[in-house]
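*Asks:* Following is a predicted model, sequence given first.
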Amino acid sequence: MSNAEMEREQAYVSRLYRRLDGLREQASARLAGTLRHSDGTATELWEREATAARHTERLARLAAAEQGLCFGRLDFRDGPSRYVGRIGLPAEDGEDTEEDAEPLLLDWRAPAARPFYLATALAPDGVRRRRHIRTKGRQVIDLNDEILDLREDGQPADTELIGEAALMAALNADRSGRMGDIVATIQAEQDVIIRSGHRGVLVVQGGPGTGKTVVALHRAAYLLYTYRDLLAKRGVLVIGPNTTFLRYIEDVLPALGETGVLLSTIGGLFPGVRADGTESPQAAAIKGRAVMVDVVAAAVRDRQWVPPDVLEVKAEQGTLHLDRATCERVRDLARRSRLLHNQARPIVVRELLDVLARQAADRLNASILLPEVLADLGLEPGEEEVTDLFDADDVAAFRRELAHDPAVHAALDQVWPALTPQELLAGLYSSAERLASAAPELTQDERDLLLRDPAAPWTPADVPLLDEAAELLGEDERAAKAQAEAAHRRRIAYAQGVLDVAFGSRSIDLEDDEEAALMPGDLVDAEMLAGRHDEHDPRTTAERAAADRTWAFGHVIVDEAQELSPMAWRLLFRRCPTRWMTLVGDLAQTGDAAGASSWEQVLDPHVPGRWRLERLTVNYRMPAEFLKVATTVRAELTTAPDLPNGHRDDPADGHGLPSAEETSGRLAAETLVSVREIGSDPWRLEVSPGELPGRLAELVAAEVAELGEGRLAVLTPGSLRDELARAVAVPSPEPGEDPELRDQVVVLAVGQAKGLEFDSVLVVEPARILAEGPRGANDLFVALTRATKRLGIVHTDGHPLPTALAALLPPI
Ligand SMILES: Nc1ncnc2c1ncn2[C@@H]1O[C@H](COP(=O)(O)OP(=O)(O)OP(=O)(O)O)[C@@H](O)[C@H]1O
């Protein structure tokens, strides 16, 4: 590219940054101005808060655009050129210019920017030239042109890749441990998904490295830009498989200027519960099955109890009795109300208190009106006017007393307890009898797997069950009351904060003038203000959504969607009543026994026949040589008729052959193409079992020497992970750290590497990876598809390797 051309682009890019700086100053000044004014009515104060929040958000967006502000230019056959970048920049003087003035920079999400991602030589869409502009800081460092107008240029056939040079530069760069955005190099098949106008469930099936994660995140940014009013209020939820993965992707949306998105795992979706416990994959798989809907429902019903004969209530007024027939009548009455368990409890309380109060009155009656007393009065027992000494008011008084009697409380709790979801599930898991009663569909062995200590921590697989239980139990008044009180206290604290800020930032000039210095705090106290603005909540949409189990999100994005269990899907569909979702995943990578082997199986219970499938077919992560080995291995494992246990890609329900969708997932894996070659195959090294740790340590050292700045992952079967981590001398991570994302060398069980990528990967003992997981073929496929530059296989003898791995040569 000529110097003059570089200089011309530099001049334009510099102008864009000047404009960006100008807009930042403007937004800062507006924010300062808003914060400076502190007088006015309470309503005005709140409005000012909202304005300040808007300015702050705008400032954040402008700051996020600093890196790679402008990355492209489109020259059209007719009309002026357009520059494309991270955000739109209006022409100088912003609002003062006419509405239709050409912007200085087009937001990548604007419809007019679309040809930047879609135009090809065969379908140029009026584009004559597409230019990729690479910058470092504010400096233009490279320009790459694609001439799309064949008539003028006589260029050869269309190239499939958009901005190939920029793309290759991005793909060949060392991995940092954090995912970056791809706005500058989105490819056409990805763009179609990012901008899809489909308003239902969109499923994106794509092999490893096809950009599913990155496309899903750009779709979130695109939807927030295009439907901002709708989505800013309801929020967007992005679900990832684990917290490490969430941290891997957490920078992408802020870099695209979007902060209002809630990133969560399924385990993070029950406010107030930290689901950080662990359990066996078998137990988790059972908890994920659809049959657990019936189990939870039965567990609730089982807590609506009737005594086998009589329940004694040792009240202060004497021992009272609730017999089976009475309890059955009351239970049926409460069930017939069709109210949720906790909401129906008042019916039970009312009815049983009536029964007990009447009984207490009768007993007292009887004790006072003993036959001899009646005889003295010359009366026969049973004469109405004297046998009932207590009128309705007296009975009501008994009732009130009983309502405070601990023994009566205990009896009510036994018959129909108020239950939180946590109480219900902990009670179920800790009792073999309760499990046997609620889960007859499970085998004894399966029920034994669910047994646990009532104080054991919650696991991610518990969360959909807690959610299910919450749906059946309804609000427990105790919890609802505590929550309402906490919310009220929060609002008061916030209102007090507003008043303090208003007071603190009052104009000094006014201080001498008593009247003029009247502050909002003089007119209204925090409690009033909080009450007046109950509906105003200072938290962001994402924060409010995170704290509310019943929040309905505007859009839900699920990454690694193949891993979710049927119970997790039920929870997610409850959180998204509009059913507007983007699900990305790869059936060929399902590792979880409760996960999916067919998209129909997942979606038909929720949106039968009403979802759309899109595919991604190009692998951007791996060189063609690695991809070929990985897909050949997978094809061999999933078509071989009689592989030993663990080799076949068994669906969770254990019956038989892969479904049609699974087959198509496999075919998709086989037809994946890669965008680059490196000229060398993966290597394979066989070592004796005794020398494995030592040789591995040497291999790691050699790889690190080759890698420079890059990152290396040793991927192992779960059972070998700790031993091999010690051999390689990888330090144990502190709690809360993510060595997977930070350290140059990491040793991971395959499941931990899902969704991640590394410059170099050593896959250890592939045969054991195959044998250990419930879907071993998928796990091995995941392991073989994590490397961007270097891939080696290390194994011991004695375990037969898939042919495509056995054929690999030792390292040179
Ligand atoms: N258009 C693109 N431009 C530049 N890089 C891209 C592009 N598409 C994908 N990539 C890169 O390819 C790599 C793989 O992408 P990503 O992790 O999103 O794939 P995936 O389909 O989710 O993979 P997996 O199923 O293995 O988790 C990432 O480094 C991503 O940044």
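*Replies:* Looks like it came in fine. Numbers count the residues shown, from 1 in each chain.
*Asks:* For the rest of this, base every contact and every neighbour count on C-alpha atoms.
*Replies:* OK.
*Asks:* Next, count neighbours for the closest residue to the ligand within the stretch 701-812 of the chain.
*Replies:* Closest to the ligand within the stretch 701-812 of the chain is G755: 3.4 Å, counting by Cα to the nearest ligand atom. Residue neighbour count, defined by other Cα atoms under 10 Å, stands at 24 for G755.
*Asks:* Please apply the same query to W108.
*Replies:* 23.
*Asks:* Give me the pLDDT for E380.
*Replies:* Listed pLDDT for E380 reads 66.
*Asks:* and what of L529?
*Replies:* 55.
*Asks:* for T788, same thing?
*Replies:* So, for T788, pLDDT stands at 94.
*Asks:* circling back: what is the three-state secondary structure of the residue of the stretch 701-812 of the chain closest to the ligand?
*Replies:* Assigned by DSSP: H, G, I helix; E, B strand; the rest coil, the conformation of G755 is coil.
*Asks:* Grab the nearest non-local neighbour of it.
*Replies:* Leaving out its chain neighbours, the residue that sits closest to G755 by Cα to Cα, 6 or more residues apart in numbering is F245, at 7.0 Å.
*Asks:* which stretch of helix or strand covers the one you found?
*Replies:* If you go by DSSP states H and E, F245 is part of helix 243-249.
*Asks:* Sheet partners, orientation included, of the helix or strand hosting L685?
*Replies:* Assigned by DSSP H and E, L685 belongs to strand 683-687. Its sheet considered, strand 683-687 pairs with strand 787-796 (parallel) by DSSP bridges.
*Asks:* The strand it pairs with near the ligand anywhere?
*Replies:* No: against the ligand, strand 787-796 shows no contacts by Cα under 6 Å from any ligand atom, the least distance being 8.3 Å.
*Asks:* picking that back up, contacting residues around the helix or strand following the strand holding L685?
*Replies:* Using DSSP H and E, the helix or strand that directly follows strand 683-687 along the chain is helix 692-707. By Cα atoms under 8 Å, 6 or more residues apart in numbering, the residues outside helix 692-707 that reach it are 687, 710-712, 724, 727-728, 745, 759-760, 794-796.
*Asks:* tell me which strands and helices the helix or strand following helix 692-707 is in contact with?
*Replies:* Later in the chain than helix 692-707, the nearest helix or strand by DSSP H and E is strand 712-716. When contacts are defined as 3 or more Cα pairs under 8 Å, 6 or more residues apart in numbering; DSSP states H and E, strand 712-716 sits against strand 745-749, strand 758-764.
*Asks:* run the last query once more with 10 Å
*Replies:* Other helices and strands packing on strand 712-716, by 3 or more Cα pairs under 10 Å, 6 or more residues apart in numbering; DSSP states H and E, are helix 692-707, helix 721-727, strand 745-749, strand 758-764, helix 766-772, helix 776-784, strand 787-796.
*Asks:* From the ligand, how far off is V618?
*Replies:* Remark: distance between V618 and the ligand (Cα to the nearest ligand atom, to the nearest Å) = 9 Å.
*Asks:* mind listing what that residue touches?
*Replies:* 187, 189-190, 206-211, 671-675 (Cα atoms under 10 Å, 6 or more residues apart in numbering).
*Asks:* Who is it paired with across the strands?
*Replies:* With DSSP bridges as the rule, V618 is bridged to V673.
*Asks:* Quick check: the farthest pair among the contacts of V618?
*Replies:* Within those, Q187 and T671 form the most distant pair, 18.0 Å apart (Cα to Cα).
*Asks:* out of the two, which sits in the busier spot?
*Replies:* Q187 (22 against 14).
*Asks:* Touching, the more buried one and R114? I think so.
*Replies:* No: using Cα atoms under 10 Å as the test, Q187 is too far from R114 to be in contact (11.0 Å).
*Asks:* Surely D448 and A432 touch.
*Replies:* Yes: with contact defined as Cα under 10 Å, D448 counts as touching A432 (7.6 Å).
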